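In: All I have is the shape, not the residue letters:
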């Protein structure tokens with residue numbers, strides 16, 4: 001049986017003031033859902049439509065583990081993490097589709 005890949009991702013709003021960390025097995029579909037306000041709740045309320053960070057894992061379990069680790073960290077740690085791969089905070093969704 002083939003294991004499903006997992007992704008951990010961070011979204012922000014246009015002003016880069018709010019951060020959201022999530023996990024999924026289908027990154028393109030999930031970000032599309034956020035961008036089109038299909039996902040009700042926190043991301044919709046704060047217009048979190050910009051993908052600024054993501055990591056890929058060989059299993060969804062590893063991605064969930066990493067999501068918990070990132071969520072338990074401070075805002076500064078999340079900002080530092082984003083800056084390691086995306087200093088300009090560009091929308092990385094454009095590179096996926």
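Out: Okay, I see it. This one's a predicted model, so the numbers in the text were calculated from it and none came from an experiment.

In: can you give me the helices for the protein?
Out: 27-35, 42-45, 60-72, 75-85, 93-96 (DSSP state H).

In: Which among the ones you listed is found nearest to residue 4?
Out: Residue 4 lies closest to helix 60-72 among the helices of the chain, at 5.1 Å (Cβ to Cβ). For every residue, glycine as well, the C-beta is placed using N, CA and C.

In: Show me what the closest one is packed against.
Out: Helix 60-72 sits against strand 6-12, strand 19-24, strand 50-57, helix 75-85, with contacts defined as 3 or more Cβ pairs under 8 Å, 6 or more residues apart in numbering; DSSP states H and E.

In: try it again with 6 Å
Out: Secondary-structure packing of helix 60-72 (3 or more Cβ pairs under 6 Å, 6 or more residues apart in numbering; DSSP states H and E): strand 6-12, strand 19-24.

In: still on that earlier bit, including distance to residue 19 and mean pLDDT, could the helices of the chain go into TSV?
Out: TSV is the format used below for the helices of the chain (distance: least, Cβ to Cβ, whole Å; pLDDT from 0 to 100):
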stretch	distance to residue 19	mean pLDDT
helix 27-35	13	97
helix 42-45	11	94
helix 60-72	10	98
helix 75-85	5	98
helix 93-96	16	94
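
In: which of these sits most buried?
Out: helix 27-35 (a mean of 18; mean count of other Cβ atoms under 10 Å).

In: which residues touch that one?
Out: Helix 27-35 has contacts (Cβ atoms under 6 Å, 6 or more residues apart in numbering) with 7, 24, 39, 43, 49, 51, 93, 96.

In: Out of those, flag the one nearest to residue 78.
Out: Nearest member of these to residue 78, counting by Cβ to Cβ, is residue 51, at 13.7 Å.
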